[in-house]
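> predicted model and sequence follow; I will ask about them next.
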Amino acid sequence: MLMRFVGNIEAKADAKGRVFFPSVFRKLLSAAGEERLIMRKDIFQPCLVLYPESVWNEQLDLLRSRLNRWNAQHQQIFRQFVSDVEIVGLDGNGRFLIPKRYLKMADIKQEVKFIGMDDTIEIWSAERTVQPFMDATAFGQAIESIMEGPQATSSAQQQIL
C-alpha cells in the first residue's frame with residue numbers, strides 16, 4: 001500500500017525525549033501493515049527523518065545499487081548512511097523515544113513539528129519552522145520553473161491528449 005504522509009502536526013517531547021506519534025500518521029502506517037520506523041538525521045537539513053521500514057529498505061537498496069562494495073569511498077558513504085540510525089517502535093500509548101543524541105542533532109528542546117514528506121516524516125524543532133522554508137516569491141518561481149519543464153505533463157493530461 002502506498003503511504004502518503006502530508007501536513008504538519010505539533011507535539012511536545014517530555015523530559016525523557018518521548019513524543020506522541022501523530023495519530024493520522026499512525027493510521028497510515030497501520031493500514032500499510034508497517035510496524036517499525038527507521039530514524040536518522042537528515043543528510044541536508046537540521047531535522048530527523050522517519051522512514052517506514054519498507055521505505056527505508058527501498059532507499060537502502062537504491063543506494064547500495066549505486067555503490068561499489070570494492071570502492072573505499074563508496075563504502076565510507078554507505079557506512080555513514082547506515083551507521084547512525086535508530087529502529088523506532090511505538091509503545092502502547094503511541095509514543096516513541098527520540099534519543100538524546102538525536103535531540104541534539106536536530107536542536108530539539110521540547111516543541112517539535114512533524115512534517116509529512118510523502119513517504120517519510122520529518123521531525124523539526126518547532127522553533128526552526130516559524131519562518132517559511134523558502135521565500136514565497138522564490139518558491140513560486142521555483143515551482144513554475146520545475147513544472148513548465150518537458151516532464152510537466154502528467155499521465156492524466158497525456159491520456160486526455
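Noted; the coordinates are in hand. This structure is a prediction, so every number in the text was calculated from the model and none was measured.
> buried set for the longest helix seen in the chain?
Across the chain, the longest stretch assigned as helix under DSSP state H is helix 53-66. Within helix 53-66, the residues that count as buried by 16 or more other CB atoms under 10 Å are 55-56, 59-60. Where C-beta positions appear, they are placed from N, C-alpha and C, glycine not excepted.
> I'd like to know which of those is nearest to residue 42.
When the buried residues of helix 53-66 are compared for distance to residue 42 (CB to CB), residue 59 wins out at 12.6 Å.
> that closest one: what's its closest spatial neighbour, skipping adjacent residues?
residue 51 (6.7 Å; CB to CB, 6 or more residues apart in numbering).
> likewise residue 117?
residue 5 (6.5 Å).
> can you report phi and psi for that neighbour?
Geometry field for residue 5 lists phi and psi as phi -90, psi 120, criterion degrees, to the nearest 10.
> how about the strands in the chain?
For the chain, the strands defined by DSSP state E occupy 8-12, 18-20, 37-41, 48-52, 86-88, 95-97, 111-117, 120-125.
> mean neighbour count, those: which tops it?
strand 48-52 (a mean of 23; mean count of other CB atoms under 10 Å).
> what's opposite the residue nearest to residue 59 in the beta bridge?
Taking DSSP bridges as the rule, residue 51 bridges to residue 38.
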